[in-house]
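**Q** Here is a sequence with its predicted model. Questions after.
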Amino acid sequence: MKNVLVLCTGNSCRSQMAEGYLTSLGGDKVKAYSAGIETHGVNPRAIQIMKEDGIDISNHTSNHIDEYLDVDFHLILTVCDHAAESCPIFPSHAEKIHHSFSDPAKATGSEEEIMSSFRNTRNEIKTFIQNLLTEKL
């Protein structure tokens, strides 16, 4: 089993979605974790949008990267530019992969437009995780 850490700024949306897909699609090949360089709580819209795709992340917690210093990771994914640029030195020999996804929490407009932004980001993350599982894990 491979330990995979997904990092984002606040561990509220993108990293939570990626953790959800890694857990759901990775089966017994992956033990997924997510964390942030800050903790903002899990975004209720992220929970809702993942539930639409059959994945329940309502029990996820927003965790700080320092909580995982003792975990031996095989792969560390950064899913936003700020986390990739601001991540402290993390003592790991893990392979690091960066892919920036737009932040749906910053979307503006009507509720429908905001939820559309969440769906777009969710779908991009799902495709990315599916490809990652095929190519790397």
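**A** Arrived safely. Residues are numbered from 1 along each chain as shown.
**Q** Next, give phi and psi for Lys136.
**A** Per-residue torsions, Lys136: phi -120, psi -30 (degrees, to the nearest 10).
**Q** got a list of what it touches?
**A** Leu75, Glu95, Ile97 (CB atoms under 8 Å, 6 or more residues apart in numbering). Where C-beta positions appear, they are placed from N, C-alpha and C, glycine not excepted.
**Q** same thing but at 7 Å, please
**A** Counting by CB atoms under 7 Å, 6 or more residues apart in numbering, Lys136 touches Leu75.
**Q** So the residue lying closest to His40 once chain neighbours are set aside, which state does it fall into?
**A** Leaving aside its chain neighbours, His40 sits nearest to Gly10 (3.3 Å; criterion: CB to CB, 6 or more residues apart in numbering). Three-state call for Gly10 (DSSP: H, G, I helix; E, B strand; the rest coil): coil.
**Q** Quick check: Gly10 vs Thr108, distance?
**A** The spacing between Gly10 and Thr108, counted by CB to CB, to the nearest Å, is 18 Å.
**Q** picking that back up, mind checking how far the residue nearest to His40 is from Ser34?
**A** 11 Å.
**Q** Would you mind giving both backbone torsions of the residue nearest to His40?
**A** phi -110, psi 0.
**Q** And for it, the neighbour number?
**A** 22 (other CB atoms under 10 Å).
**Q** ok, it - contacts?
**A** Contacts of Gly10 by CB under 7 Å, 6+ apart are Gly36, Glu38, Thr39, His40.
**Q** and with 6 Å instead?
**A** The contact partners of Gly10, by CB atoms under 6 Å, 6 or more residues apart in numbering, come to Gly36, Glu38, His40.
**Q** So in the chain, which helix runs the longest?
**A** Counting by DSSP state H, the longest helix found in the chain is helix 111-135.
**Q** Show me what that helix is packed against.
**A** helix 14-26, helix 44-52 (3 or more CB pairs under 6 Å, 6 or more residues apart in numbering; DSSP states H and E).
**Q** For those, please prepare CSV with the additional fields distance to Asn59 and mean pLDDT.
**A** Supplementary listing: the helices and strands packed on helix 111-135 in CSV, determined by distance: least, CB to CB, whole Å; pLDDT from 0 to 100:
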stretch, distance to Asn59, mean pLDDT
helix 14-26, 11, 97
helix 44-52, 10, 98
